[in-house]
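Enquirer: Below: sequence and its predicted model.
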Amino acid sequence: MARTVPLGYSRRSMPRWPSGGTPPIAPVPRLRCMQEPEQPPVSWGPPWRHARSGWPRHGFPWPARVFGAGLLVVVQVGGTFGAAHVQPTSRPVDAAAVGLLLAAPVSMLLIRRYAWLAALLAGGATAAFFARGYPFGPIIIGFAAVVVITVLRGLRPLAWAVVAGVLLTATLTRVGGEHGPNWQVLGGLVAWAGVILAVGELVRVRRDRAVSSWQASQERRRRQAGEERLRIAQELHDVVAHHMSLITVQAGVALHLAERRPETVEPALRAIKDASKEALGELRSLIDLLRDDENPAPRAPAPTLAAIDDIVERSSHAGLTVTKDLVGQPRPLPAAVELAAYRIVQEGITNVVRHANATRVAVVIGYADGALTVRIDDNGLGGPRATRLEPGNGLRGMHERAAALGGDLQIGAAPDGGLRVEARLPTRETR
């Protein structure tokens, strides 16, 4: 048996699949308009750019974190030795001071996984540093960074408690020190505490706003995708159901007349050809619209009220007597209103062909003040019984089209005992 060669391969270039047969069928990608909204960014960057947790999912690269911690060590240790020269009354920097200065850089390495531990470690080391009387200096930089990140991780109460603990410890130790209160240091600590908390809250507010904006945009995209799915489903149903129903009825008529009246078969076959050609044309236009990502404008004009005459003519080949009447003075209408009216008439006649077993259909288009009315009456087997049936895709689609324009659609018994479908579509013309 000859081996099947997929399109784009030759017998030499085709890969050998493990199963020995044809390549597996790949899932068809979904249209861009139907895809689920994208997830928030996951690459490392500023915390407020990442909406899910406020912090990069994968964090900064490990070498970058180590480099940042090392740079912080150099700044804090070197700056503290420099501060000791201008604060002669402070305690000399010793090995214990250097160990306390290393706490904040180490906390920066831990904060991605253990924010609460990093905050407690940095806060405890900073409080101990000031309690032992070491010089006031760059140790506040690492502590400030840890507090800000702790706020971003959602641990605001812990961040505030740590700042309050450090400030309280420094105040008690510096006021009661052997050299008397150092108001300059205390004032600096209070100012730094305010700046740290203000920066943390500012960044948090910006992050929260970014999260809200991102969530709103994703919800808007989900809603637009749902509306697009509904619109495509309505268009496909209306096009396929209408034309295929007419083709089915006309084919049945042709088969019935083939033996008795062969001369009447040709018009039925020609009607089948025209209906199938028009259905393929509308489907092709819809597919072209979905494929065209760069230019979403439709290549073919949407059906209008004038095209209802074509529906009337096609329906006559299915054994129906369809009449169309206009009430009121015709005027230009928005394209969306004309399309909805056309589809409602199309679906209404389709339902008559498929379900009503009717012989006459009356379509009345009324131009009212600020609205367009569409009424479809038949003399089939509808009436009160049909109004109690569970609505299918067709009736549901007509209701949705009317509701999308702010109108309504009513279904009831017609005067002749059949079914009446009446829609009111607000026009909202621009004066």
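Expert: Arrived safely, thanks for sending.
Enquirer: alpha carbons only for contacts and neighbour counts from here, please
Expert: Will do.
Enquirer: Quick one: low-confidence residue ranges for the stretch 201-350 of the chain.
Expert: The stretch 201-350 of the chain contains residues with pLDDT under 70 at 234-235, 237-243, 245-246, 249-250, 253, 256-257, 264, 281-301, 317-318.
Enquirer: In it, what residue spans correspond to strands?
Expert: Using DSSP state E, counting those that start in this stretch, the strands of the stretch 201-350 of the chain run over 321-327.
Enquirer: Helices along that one, start to end?
Expert: For the stretch 201-350 of the chain, the helices defined by DSSP state H, counting those that start in this stretch cover 265-291, 308-316, 335-351.
Enquirer: Isn't Gly412 up against Leu419?
Expert: Yes: counting by CA atoms under 8 Å, Leu419 is a contact partner of Gly412 at 5.9 Å.
Enquirer: The two: who's more crowded?
Expert: Counted by other CA atoms under 10 Å, Gly412 and Leu419 do not tie: Leu419 has more neighbours, with 28 against 19.
Enquirer: I figured that one hits Asn379, correct?
Expert: Yes: between Leu419 and Asn379 there is a contact at 7.1 Å, judged by CA under 8 Å.
Enquirer: how does the chain divide up, domain by domain?
Expert: Domain assignment for the chain by automatic domain parsing gives 50-219, 321-431.
Enquirer: Confidence-wise, which of the ones you listed is weakest overall?
Expert: When the domains of the chain are compared by mean pLDDT, domain 50-219 comes last with a mean of 75.
Enquirer: tell me which element Thr373 is part of?
Expert: strand 371-378 (DSSP states H and E).
Enquirer: From the rest of the structure, what touches that strand?
Expert: The contact list for strand 371-378 (CA atoms under 8 Å, 6 or more residues apart in numbering) reads 337, 341, 344-345, 348-349, 352, 356, 358-367, 414, 416, 418-428.
Enquirer: Quick check: Glu219 vs Ser212, distance?
Expert: Between Glu219 and Ser212 the computed distance is 10 Å (CA to CA, to the nearest Å).
Enquirer: same thing with Ser90?
Expert: 48 Å.
Enquirer: For Leu71, the count of nearby residues, please.
Expert: Leu71 has 12 neighbouring residues, counting by other CA under 10 Å.
Enquirer: by contact count, what packs against the host helix or strand of it?
Expert: Per DSSP H and E, Leu71 falls inside helix 62-86. Counting by 3 or more CA pairs under 8 Å, 6 or more residues apart in numbering; DSSP states H and E, the packing neighbours recorded for helix 62-86 are helix 95-101, helix 103-110, helix 139-152.
Enquirer: show me what contacts the closest residue to Gly79 other than its chain neighbours?
Expert: Excluding the flanking residues, the one nearest Gly79 by CA to CA, 6 or more residues apart in numbering is Pro138, at 5.8 Å. By CA under 8 Å, 6+ apart, the contact list for Pro138 reads 75-77, 79-80.
Enquirer: again, but for Val66
Expert: Leu109.
Enquirer: List the buried residues of stretch 162-169.
Expert: Using 16 or more other CA atoms under 10 Å as the test for burial, stretch 162-169 gives 162-163, 165-167, 169.
Enquirer: Output those in TSV; the columns should cover distance to Thr150.
Expert: Listed next are those as TSV, based on distance: CA to CA, whole Å:
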residue	distance to Thr150
Val162	10
Val163	11
Gly165	15
Val166	15
Leu167	17
Thr169	20
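Enquirer: Those residues in helices, which ones?
Expert: Among those, the members found in helices (DSSP state H) are 162-163, 165-167, 169.
Enquirer: Return the member of these nearest to Ala125.
Expert: Nearest to Ala125 among those is Val166, at 9.1 Å by CA to CA.
Enquirer: mind checking how far the closest one is from Tyr342?
Expert: Val166 is 74 Å from Tyr342, where distance means CA to CA.
Enquirer: Give me the distance between Ala254 and Gly142.
Expert: Counting by CA to CA, the gap from Ala254 to Gly142 is 88 Å.
Enquirer: Compare those two (neighbour count), which wins?
Expert: Set side by side, Ala254 and Gly142 show more neighbours around Gly142, with 24 against 20, by other CA under 10 Å.
Enquirer: tell me the contacts of the more buried one?
Expert: Taking CA under 8 Å, 6+ apart, one finds 72, 76, 104-105, 122 in contact with Gly142.
Enquirer: rerun at 7 Å
Expert: By CA atoms under 7 Å, 6 or more residues apart in numbering, the contact list for Gly142 reads 72, 104-105.
Enquirer: Let's see if you can find the most crowded of the residues you listed.
Expert: Busiest of these [other CA under 10 Å] is Ala104, holding 31 neighbours.
Enquirer: Contacts only, for that residue.
Expert: Applying CA under 7 Å, 6+ apart, the residues near Ala104 are 122, 142-143.
Enquirer: let's go with 8 Å and repeat that
Expert: Shown in contact with Ala104 (CA under 8 Å, 6+ apart): 118, 121-122, 125, 139, 142-143, 146.
Enquirer: Out of these, who's the most crowded?
Expert: With neighbours defined as other CA under 10 Å, the most crowded of those is Ala122; it has 30 neighbours.
Enquirer: which residues touch that residue?
Expert: 103-104, 107, 142-143, 146.
Enquirer: how about 6 Å then?
Expert: The contact partners of Ala122, by CA atoms under 6 Å, 6 or more residues apart in numbering, come to 103-104, 143.
Enquirer: in what helix or strand does it lie?
Expert: helix 115-131.
Enquirer: TSV please, covering the helices of the stretch 201-350 of the chain and showing mean neighbour count.
Expert: Formatted as TSV, those follow (neighbours: other CA atoms under 10 Å):
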stretch	mean neighbour count
helix 265-291	16
helix 308-316	17
helix 335-351	22
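Enquirer: Dump these to CSV, plus distance to Asp408.
Expert: Formatted as CSV, these follow (distance: least, CA to CA, whole Å):
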stretch, distance to Asp408
helix 265-291, 26
helix 308-316, 20
helix 335-351, 12
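Enquirer: looking at those helices, which is closest to Gly133?
Expert: helix 265-291 (71.8 Å).
Enquirer: Got the phi and psi for Gln329?
Expert: Dihedral angles phi and psi of Gln329 (degrees, to the nearest 10) take the values phi -90, psi 120.
Enquirer: what's the neighbour count on it?
Expert: Gln329, neighbours per other CA under 10 Å, totals 8.
Enquirer: Likewise for the one 4 residues further on?
Expert: Using other CA under 10 Å, Leu333 is surrounded by 18 other residues.
Enquirer: quick one: it and Leu155, what's the gap?
Expert: Distance from Leu333 to Leu155, by CA to CA: 58 Å.
Enquirer: Nearest to Asp208 among the helices and strands packed on helix 62-86 would be which one?
Expert: Nearest to Asp208, of the helices and strands packed on helix 62-86 and by CA to CA, is helix 139-152 at 9.5 Å.
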